[in-house]
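A.B. asks: My questions are about this predicted structure, shown below with the sequence.
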Amino acid sequence: MRENGRAFDRIRLLPRVAVDVAGRTARTRLLGLPVPVPLAVAPMAYQTWLHPDGEVAAASAAAVAGVPFVVSMMASRTVEEVAATGAATVMQLYWLRDRGLFRELVGRAEAAGCVALMLTVDVPLLGRRLRDLRGGLVRPANVVAANLGRAGGGLDAVGGAGTSEVAAHTGVLFDPSLSWADVAWIRSVTRLPLVLKGILDPDDAALAVAAGVDTVVVSNHGGRQLDGAVATAVALPAVVDAVDGRCEVLVDSGVRGGVDVLKALALGATGVLVGRPLLWGLAAGGAAGAARVLDLIGEELHEAMALAGCPDVDSARRLRTSVAGGDR
Ligand SMILES: Cc1cc2nc3c(=O)[nH]c(=O)nc-3n(C[C@H](O)[C@H](O)[C@H](O)COP(=O)(O)O)c2cc1C
Ligand SMILES: O=C(O)C(=O)c1ccccc1
């Protein structure tokens with residue numbers, strides 16, 4: 001988790017000068033849609049834990065900013081409620097033992113007007129999160145997986161000394177047997193664009209392209225899964241090379257401001273997903289707080305583009321970068 005931030009901090013940009021940036025724009029396409037800035041909100045579970053309106057407040061902020069909102073399969077509000085905010089909504093999915101329920105969720109996402117499906121591939125099981133274990137993490141009664149019906153409620157018997165309630169619950173639901181054959185099956189049951197989230201190895205990116213995926217997300221899940229996994233700012237360039245323009249490449253984990261977005265673009269990304277900063281805004285100020293976070297990142301990106309001599313996103317993707325030797 002710490003290395004994600006450090007890796008972005010070590011990237012150095014080579015600004016261009018005497019480029020007319022008076023009319024600069026960050027408009028581009030992301031997940032097949034026109035967007036004012038190249039970012040979307042990452043899928044994050046259980047947002048009513050942070051604010052009573054949860055995902056509905058966060059998605060309203062995304063709607064105001066004009067950026068896509070990815071609703072977690074483990075959201076505490078339904079995909080229908082989220083889509084009703086007017087945000088371009090992407091439904092995130094985990095591979096479930098209950099294939100009937102998985103199929104039903106795909107159908108509900110389509111019916112709700114979702115613009116894409118995002119299959120998260122870096123959670124065969126939930127990572128061992130020591131703070132969750134020490135703190136005895138248990139969902140309060142009002143924090144349920146609203147999209148999963150009966151299967152979304154809390155567990156009576158918590159998993160045991162080595163498992164939090166949240167990890168035990170996901171262990172019951174998630175199927176660790178996901179393979180590329182299953183990805184091909186998912187590709188075959190929907191016409192929505194398909195995004196794979198949690199790619200780090202360029203060979204996996206090539207397999208994703210071969211499976212007909214429209215977008216890959218270079219992600220280590222915000223450092224919450226495999227401790228010691230490579231930072232995304234380090235992994236990104238090789239994935240961009242392997243994909244070679246055949247699908248979109250998004251990146252997340254450690255993006256904290258507009259300069260990080262510019263660095264991601266300079267490293268070849270199509271755009272970024274923003275995770276925790278959205279939750280901080282949501283917890284601090286509900287929909288307005290989340291909207292302020294998105295505004296700030298957009299303002300910072302516009303300023304950084306001006307200072308780097310980038311009138312548009314394509315020029316940002318051509319910026320040269322280097323990697324600083326050590327920390328300051
Ligand atoms: C509280 C929390 C819950 C998350 N829940 C999900 C989830 O349900 N599905 C998923 O694909 N990723 C989930 N993630 C991972 C995020 O989508 C994203 O990859 C990560 O937070 C990005 O890193 P950042 O927080 O450093 O921006 C979660 C992250 C956090 C912090
Ligand atoms: O916490 C997470 O990162 C996550 O992905 C998740 C998955 C299922 C339930 C709660 C959180």
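C.D. replies: Sure, I can see it. Ligands and ions are numbered 1, 2, ... in the order given.
A.B. asks: Stretch 145-162 spans what distance, first to last residue?
C.D. replies: The first and last residues of stretch 145-162 sit 22 Å apart, counting by Cα to Cα, to the nearest Å.
A.B. asks: any residue of it up close to ligand 1?
C.D. replies: No: shown here: stretch 145-162 not in contact with ligand 1 (Cβ under 6 Å from any ligand atom), separated by at least 9.3 Å. The C-beta positions use only the backbone N, C-alpha and C, and glycine is treated the same way.
A.B. asks: what's the average pLDDT for that stretch?
C.D. replies: Throughout stretch 145-162, pLDDT has a mean value of 84.
A.B. asks: Wondering if it reaches ligand 2 at all.
C.D. replies: No: judged by Cβ under 6 Å from any ligand atom, stretch 145-162 stays clear of ligand 2, getting no closer than 7.4 Å.
A.B. asks: What confidence value was assigned to the spatially most central residue of the chain?
C.D. replies: By Cα atoms, centre = their mean, the mean C-alpha position of the chain lies nearest to residue 42, the distance being 3.0 Å. Among the per-residue scores, residue 42 holds a pLDDT of 99.
A.B. asks: ok, it - contacts?
C.D. replies: Contacts here follow Cβ atoms under 8 Å, 6 or more residues apart in numbering; on that basis residue 42 touches 70, 222, 252, 273, 274, 275, 278.
A.B. asks: mind redoing it with 10 Å?
C.D. replies: Residues near residue 42 by Cβ atoms under 10 Å, 6 or more residues apart in numbering: 69-70, 72, 92, 118, 197, 217, 219, 221-222, 250, 252-253, 255, 272-279.
A.B. asks: so which strand or helix has the residue lying closest to residue 288 once chain neighbours are set aside?
C.D. replies: Spatial nearest neighbour of residue 288, chain neighbours left out: residue 61 (7.7 Å); criterion: Cβ to Cβ, 6 or more residues apart in numbering. Per DSSP states H and E: residue 61 is located in helix 54-65.
A.B. asks: near ligand 1, which of the contacts of residue 42 show up?
C.D. replies: Residues shared between those and the neighbourhood of ligand 1 are 72, 92, 197, 219, 221, 222, 252, 253, 255, 274, 275, 276 [Cβ under 6 Å from any ligand atom].
A.B. asks: okay but the fourth one is in contact with residue 205, surely?
C.D. replies: No: counting by Cβ atoms under 10 Å, residue 219 does not reach residue 205; the two are 11.8 Å apart.
A.B. asks: which residues do the two both contact?
C.D. replies: Shared between the contact lists of residue 219 and residue 205 (criterion: Cβ under 10 Å, 6+ apart) are residues 196, 199, 235.
A.B. asks: Quick check: neighbours of the host helix or strand of the first one in the sheet, parallel or antiparallel?
C.D. replies: Using DSSP H and E, the element containing residue 196 is strand 194-199. Sheet neighbours of strand 194-199, with direction, are listed as strand 116-120 (parallel), strand 215-218 (parallel) (DSSP bridges).
A.B. asks: Which SSE is immediately downstream of the longest one?
C.D. replies: Once strand 116-120 ends, the next helix or strand along the chain (criterion: DSSP H and E) is helix 130-135.
A.B. asks: hey, C-alpha coordinates of that next one in PDB?
C.D. replies: Extracted as PDB, the C-alpha positions of helix 130-135 are listed here (Å, rounded to 0.1, in the frame of the first residue of the first chain):
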ATOM      1  CA  LEU A 130      -4.000  -7.500  10.000                       C
ATOM      2  CA  ARG A 131      -5.700  -4.400  11.100                       C
ATOM      3  CA  ASP A 132      -9.100  -5.900  10.300                       C
ATOM      4  CA  LEU A 133      -8.200  -8.900  12.500                       C
ATOM      5  CA  ARG A 134      -6.800  -6.900  15.400                       C
ATOM      6  CA  GLY A 135      -9.900  -4.600  15.300                       C
END
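A.B. asks: buried set for that helix?
C.D. replies: Applying a neighbour-count criterion of 16 or more other Cβ atoms under 10 Å, one finds residue 132 buried in helix 130-135.
A.B. asks: Same question for stretch 39-59.
C.D. replies: Residues of stretch 39-59 classed as buried under the neighbour-count rule (16+ other Cβ under 10 Å) are 39-48, 50-51, 53-59.
A.B. asks: Return the residues of this protein in contact with ligand 2.
C.D. replies: Neighbours of ligand 2 within the chain, by Cβ under 6 Å from any ligand atom: 45, 74, 123, 166, 170, 221, 224.
A.B. asks: at 8 Å instead, please
C.D. replies: Taking Cβ under 8 Å from any ligand atom as the measure of proximity, the chain contacts ligand 2 at 43-46, 72-74, 94, 120, 123, 126-127, 129, 145, 166, 169-170, 174, 221-222, 224-225.
A.B. asks: List the ones among these that fall in helices.
C.D. replies: 166, 169, 170 (DSSP state H).
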